[in-house]
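Colleague: Compute the structure for the input listed below.
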Amino acid sequence: ALYKELKLAAFDPALAAVLGFSPALIHTLHLGVVSVTAVGAFDAVGVVLAVALFIVPPATALLLSHRLAVVIGLAVVLGAALAVGGYWVAHTFDTSIAGSMAAVGGLLFALAFLGSPTQGLIPRAWRHRRQRWEFALRLLVMHLLTHEGSAAEAREAAAADLSAHLRWEPRFAAAVIRLAEETGLVERRDGLLVLTNRGRELAQDVMLYGTG
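Modeller: Alright, predicted model coming up:
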C-alpha cells in the first residue's frame, strides 16, 4: 500500500518532502518493521538463517536487475528457492537446515555474481574482450585512412611493420590484421594493408562521430 511513498522517500527524499510526505516518518516506520521482523526471525530460525534471508535474496536480485519492482519480486522468488532448496539439501544429506539454506543462498549469489548479464564477472570479461578487439579494429582502419595516399603509406601500411607503428605486440597485431581481413575491413596488396570500402566507411564514421 505504501510502495510508491516508500520508493519516493528512499530514492528522492527532497521530492517526497515537497509533495507533502514525511521522509523521516516513512524511514522510521520502515526501520521499525525491519527491526520487528529481525527480532522475530532471530527467535524463530536462528541468527545464521535470519541473516542469510535478510541479505542474500536482495543482494542477488540487485545483481540481476536495477528496477525496484523487479528486484523485490526476484528477492521473494530467490528467498523461496533458498528455503526450498536448502530444506531439500538438509533432508537429503541429513545436515543442518539453517546451514543448508544459507549454503544454497550463497550458491545462488555466486551464480548471479558470475553469470549476471549486466554485472556478472563472465559477461563483463567477455564484453571487455570484445570491446578490446573492436577498439583495435577501429584504431587500425583509422591509422590506414590517415596515411592513405600519403608519401608515408608504403611504410605505415606495411603489414610487417604495423606492430611497431601502433606499438602492439607482434602476435596481437597479426591477430588484429587477420580479424580485419575476415570481417572485410582490409585486404593485402603487395604486403600493404589497403582499406576496403567497408573499412573506409568505418574509419570515416569513427573520425566524424567517434563510433562505427
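Colleague: The helix or strand in which Ala90 is found: what's the following helix or strand?
Modeller: Here Ala90 sits within helix 68-93, counting by DSSP states H and E. Downstream of helix 68-93, the first helix or strand assigned by DSSP H and E is helix 97-115.
Colleague: Can you tell me the SS state at the residue lying farthest from the centre of the chain?
Modeller: Distance from the C-alpha centroid of the chain peaks at Ala151, with 45.1 Å (CA atoms, centre = their mean). Classification of Ala151 using DSSP: H, G, I helix; E, B strand; the rest coil returns coil.
Colleague: pLDDT score for Thr211?
Modeller: Thr211 carries a pLDDT value of 59.
Colleague: If you could redo that for Phe21, that was the one I meant.
Modeller: So, for Phe21, pLDDT stands at 89.
Colleague: So it lies in a strand, does it not?
Modeller: No - according to three-state DSSP, Phe21 belongs to no strand; its state is coil.
Colleague: Touching, it and Lys7? I think so.
Modeller: No - the criterion here is CB atoms under 8 Å, and Phe21 misses it with Lys7 at 11.1 Å. Using the backbone N, CA and C atoms, a C-beta is placed for each residue, glycine as well.
Colleague: So for the two, which residue has more residues nearby?
Modeller: Phe21 (18 against 15; other CB atoms under 10 Å).
Colleague: Now do the same contact list for that one.
Modeller: Contacts for Phe21 (CB atoms under 8 Å, 6 or more residues apart in numbering) come out as 5, 8-9.
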